[in-house]
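Student: sharing a model prediction with you, sequence too.
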Amino acid sequence: MKKINWGIIGLGKMATIFAEDLIQVEASQLYAVASRNQIKADLFASNYNAKKAYSSYEKLINDPNVDVVYIATPNHAHFELTQMCLQAQKNVLCEKPMCLNLAQTQTLVKEAKLQNRFLMEAIWTRFMPTTKKLLNLLKEKRIGKLISLEADFGFQAKFDPENRLFNPELGGGALLDIGIYPVFLSLLCLGKPHKIKALARKSSTGVDSFCSMLFDYSTNEKALLQSTFEYESPTEAKIFGTKGSIKLYSRFHQSQVIEIFDQHRTSIEVLNLPYQGNGYIHEINEVNSCIEQGKTQSELLPLEFSVNLAEILEQVKKEIGLSYKHG
Ligand SMILES: NC(=O)c1ccc[n+]([C@@H]2O[C@H](COP(=O)([O-])OP(=O)(O)OC[C@H]3O[C@@H](n4cnc5c(N)ncnc54)[C@H](OP(=O)(O)O)[C@@H]3O)[C@@H](O)[C@H]2O)c1
């Protein structure tokens with residue numbers, strides 16, 4: 001069977017970790033890479049055995065042999081590049097967050113439908129063995145009726161106004177960079193909240209360096225979520241129910257261990273669920289499988305999920321007074 005030809009745009013840290021996993025997957029190959037710098041593209045291509053190395057993103061997008069493009073640029077460029085790819089009839093895996101706001105996300109979903117191309121937000125956590133197990137445990141009601149969810153994501157980032165984490169021009173801020181993971185988990189386990197409260201502390205560049213969120217659901221569950229660039233927080237997730245609780249070990253978005261407790265906080269089971277490679281192989285397999293089957297979206301991470309996620313992030317942004325020039 002013909003291998004699926006991947007192209008990668010934006011050859012930074014994420015592109016490197018992703019390429020390490022991509023070259024291990026049989027069904028596909030790294031066909032082309034594109035950087036704004038030819039020397040960087042040539043080096044990356046030779047490191048990961050890509051056939052083509054382009055000095056512009058447009059050239060890769062217009063290569064007729066590229067089947068699917070992985071967009072690994074900073075957040076501000078996701079919308080425009082994804083739109084360009086879809087209009088050039090490419091399938092797209094776009095890094096998280098897919099866009100800076102809800103309207104952009106809705107526009108891309110429409111474009112993908114119009115062009116009949118595959119589109120997915122690269123939330124790799126969705127395809128981890130731990131996530132699959134967690135959803136099964138919740139479905140089986142192992143911890144009874146859900147009461148609340150707590151999840152945090154935090155690390156200490158050295159302040160640099162030019163860095164993509166702090167630079168508003170590049171779509172910086174803790175919420176969009178890492179807060180998206182606790183929000184993702186709450187949406188996956190509890191659905192859309194009906195009330196959202198949030199508080200933030202901003203860095204001098206105007207983006208959030210700390211964001212605390214409290215979600216309330218029409219069925220009365222609560223979610224307590226947090227993201228920060230200010231300190232190393234536990235980066236764990238805990239889901240509480242009437243019969244016990246489940247803990248996803250740190251860092252919960254790439255957890256390989258789940259622990260189940262009874263209602264007296266006594267541990268009853270520890271499950272080891274390792275991921276393959278750097279953890280992106282599961283996501284790559286899902287994209288390959290969808291493309292092979294001619295699907296335009298993943299059933300595990302459908303576009304409606306990304307729209308709902310963008311809607312929640314939009315409400316949090318409103319609460320904390322965060323907006324971007326590019327969206
Ligand atoms: N899924 C995950 O686990 C995960 C983890 C980390 C980050 N991410 C996401 O991946 C994306 C990239 O993050 P990263 O950590 O890889 O960032 P990075 O190391 O800064 O790399 C981003 C690359 O984008 C390109 N780029 C295009 N326009 C740019 C601009 N104006 N300024 C800087 N770079 C620009 C550059 O590539 P060229 O010079 O080659 O053109 C750069 O190397 C972000 O959206 C982030 O949210 C995801």
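Tutor: Done, it's in. This one's a predicted model, so the numbers in the text were calculated from it and none came from an experiment. Numbers count the residues shown, from 1 in each chain.
Student: CA only for contacts and neighbour counts going forward, please
Tutor: Noted.
Student: my guess is residue 138 is in a helix, correct?
Tutor: Yes: membership of residue 138 in a helix is supported by DSSP: H, G, I helix; E, B strand; the rest coil.
Student: that one - how many residues pack around it?
Tutor: Residue 138: 17 surrounding residues under other C-alpha atoms under 10 Å.
Student: the strands in the protein, which residues?
Tutor: Ranges of strands within the chain are 4-9, 28-34, 52-54, 68-71, 91-94, 119-121, 146-154, 195-202, 208-216, 222-228, 237-241, 244-248, 257-262, 267-272, based on DSSP state E.
Student: contact partners of the second one?
Tutor: Translated: strand 28-34. Under the contact criterion C-alpha atoms under 8 Å, 6 or more residues apart in numbering, strand 28-34 has outside partners 3-11, 19, 22-23, 41, 44-45, 48-57, 59-60, 66, 288.
Student: ok, back up a step: CSV please, covering the strands of the chain and showing mean pLDDT.
Tutor: Formatted as CSV, these follow (pLDDT from 0 to 100):
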stretch, mean pLDDT
strand 4-9, 98
strand 28-34, 98
strand 52-54, 98
strand 68-71, 99
strand 91-94, 99
strand 119-121, 99
strand 146-154, 98
strand 195-202, 98
strand 208-216, 98
strand 222-228, 98
strand 237-241, 98
strand 244-248, 98
strand 257-262, 98
strand 267-272, 98
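Student: would TSV of these with mean neighbour count and distance to residue 307 be doable?
Tutor: Shown next, in TSV, are the strands of the chain (neighbours: other C-alpha atoms under 10 Å; distance: least, C-alpha to C-alpha, whole Å):
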stretch	mean neighbour count	distance to residue 307
strand 4-9	24	23
strand 28-34	24	28
strand 52-54	22	32
strand 68-71	27	18
strand 91-94	26	14
strand 119-121	26	10
strand 146-154	23	21
strand 195-202	17	17
strand 208-216	22	18
strand 222-228	25	19
strand 237-241	22	23
strand 244-248	24	25
strand 257-262	19	28
strand 267-272	12	32
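Student: possible to save the ones you listed as JSON lines with distance to residue 161?
Tutor: Converted to JSON lines, the strands of the chain look like this (distance: least, C-alpha to C-alpha, whole Å):
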{"stretch": "strand 4-9", "distance to residue 161": "24"}
{"stretch": "strand 28-34", "distance to residue 161": "26"}
{"stretch": "strand 52-54", "distance to residue 161": "29"}
{"stretch": "strand 68-71", "distance to residue 161": "23"}
{"stretch": "strand 91-94", "distance to residue 161": "25"}
{"stretch": "strand 119-121", "distance to residue 161": "27"}
{"stretch": "strand 146-154", "distance to residue 161": "19"}
{"stretch": "strand 195-202", "distance to residue 161": "12"}
{"stretch": "strand 208-216", "distance to residue 161": "12"}
{"stretch": "strand 222-228", "distance to residue 161": "16"}
{"stretch": "strand 237-241", "distance to residue 161": "30"}
{"stretch": "strand 244-248", "distance to residue 161": "33"}
{"stretch": "strand 257-262", "distance to residue 161": "36"}
{"stretch": "strand 267-272", "distance to residue 161": "40"}
